[in-house]
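Participant: Okay, sequence plus prediction incoming.
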Amino acid sequence: MKKTFILLIVTQVIVVVVLGFEIYKKQKVLGTVSISPTTRNSIIFSGTAGLKYFIEPKPNSPRIDIPPELLTDGKNHINNDSLNEEREYKIEKNHSTFRIVAIGDSFTYGAYVPTQENWTEVLERRLLETPMCPGVNFEVINLGMSSYDLQYSLERFRLRGQKYNPDLVLWFMIQNDFEMVNEMLLDTQEKIRLQVGENGGLRSNIKDYDPYELWQTGMAQIISHYGKDYLLEKQKGFLQEFNKIYADPLVVLSFPFLAPEYQQTVNEVFQNNANYRYHEVPTIYEDSSLMISGDGHPSVLGHKLIGEDLYDYLRKNSVIFCD
């Protein structure tokens, strides 16, 4: 039972990491996918009440989505606080530090690109190299994790982000975040696994599943049973929970093609936060050099574009206030 549980989780991580163009054109882009023991050993199940499948990167472990040759210099490791960061950040924040926390899924985590090339690192370097406030030390702390939905990003912020006392939160939301509730999806996938022997449909051994097939079948069953309106209300509830625990400056980021009803939901939830803003980052889908080949996540150049765009946005729109 425990082995099946782990395989479900790992399958979910792999599917969301490699969905890529599913976000953009609803296309299947998966190739051959393998689940290795290294993958299982690189995640931890956090003791979170009410969340059966919530996971985090294993602290002080090498990243599994980076080629081994990039791990030899001691970089591209998960830090002591389970974050995809090159260094540790002190919990205590001195008066001269402006601290930004970034949350989201694999597009925030920085799937496949070296840690130092992620958009959060690009933004931090730009803020330090060309500071908006003289004498201020800027920090951008990345809480992103592959496979996260809105509920898991909320929980990640509760567990890891609040203690850093951020001056600004950047939340990168994509289309899939509004269409997926991991707790429902993974329960549904487990039911599918138990039913396959009876109906002769999908393969009987979860190890033999095409991860995309399992994801797609689970999503179809959930939408058919609950309906899209119900799912959107659940996502709205997660956003409202975040609004209760964090009321300081917030910028929600997304690509230009986020569905209007999703953008409207976000705006409705945060409309009473005077420091809330919504920003569309440039699309990466019109230039192949901005994407990981064969996938749909930002490449190094894509992350640079996003990071530079965010720096310009924060500077031009007075999001960062200097005391």
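Facilitator: Structure received.
Participant: Can you get me a residue count around P68?
Facilitator: Per other C-beta atoms under 10 Å, the neighbour tally for P68 reads 9. All C-beta spots, glycine's among them, are computed from the backbone N, C-alpha and C.
Participant: where do the strands sit along the stretch 1-150 of the chain?
Facilitator: With strands called from DSSP state E, counting those that start in this stretch, the stretch 1-150 of the chain shows them at 43-45, 55-57, 97-104, 137-142.
Participant: To Q162, which of those lies closest?
Facilitator: With C-beta to C-beta as the measure, strand 97-104 is the member of the strands of the stretch 1-150 of the chain nearest Q162 (8.8 Å).
Participant: Can you give me the buried ones in that closest one?
Facilitator: Buried residues in strand 97-104, counted by 16 or more other C-beta atoms under 10 Å: 98-104.
Participant: With respect to L170, which of those residues is nearest?
Facilitator: Of the buried residues of strand 97-104, the one sitting nearest to L170 (C-beta to C-beta) turns out to be A102, at 4.6 Å.
Participant: The closest one and V251: what is the separation?
Facilitator: Note on A102: its distance to V251, by C-beta to C-beta, to the nearest Å, is 10 Å.
Participant: try E183
Facilitator: Taking C-beta to C-beta, one finds E183 at 27 Å from V251.
Participant: Could you check how far the residue nearest in space to the middle of the chain is from D177?
Facilitator: Nearest to the mean C-alpha position of the chain, by C-alpha atoms, centre = their mean, lies D105 at 0.8 Å. Plainly put, D105 is 6 Å away from D177 if you go by C-beta to C-beta.
Participant: what is in contact with these two at once?
Facilitator: Jointly contacting D105 and D177 under the rule C-beta atoms under 8 Å, 6 or more residues apart in numbering are 148-149, 153.
Participant: and which of those residues is nearest K236?
Facilitator: Distance ranking of the shared contacts of D105 and D177 against K236, using C-beta to C-beta, places D149 first at 13.1 Å.
Participant: wait, doesn't that closest one sit right on V181?
Facilitator: Yes: using C-beta atoms under 8 Å, D149 makes contact with V181 at a distance of 5.9 Å.
Participant: burial measure for F321, as a count.
Facilitator: F321 has 12 neighbours, counted by other C-beta under 10 Å.
Participant: Now the phi/psi pair for it, please.
Facilitator: Backbone torsions of F321, given as degrees, to the nearest 10, read phi -100, psi 130.
Participant: thinking again about what came up before, what about the strands of the stretch 1-150 of the chain, which gets the closest to S318?
Facilitator: Minimum separation from S318 across the strands of the stretch 1-150 of the chain (C-beta to C-beta) falls at strand 97-104, 13.3 Å.
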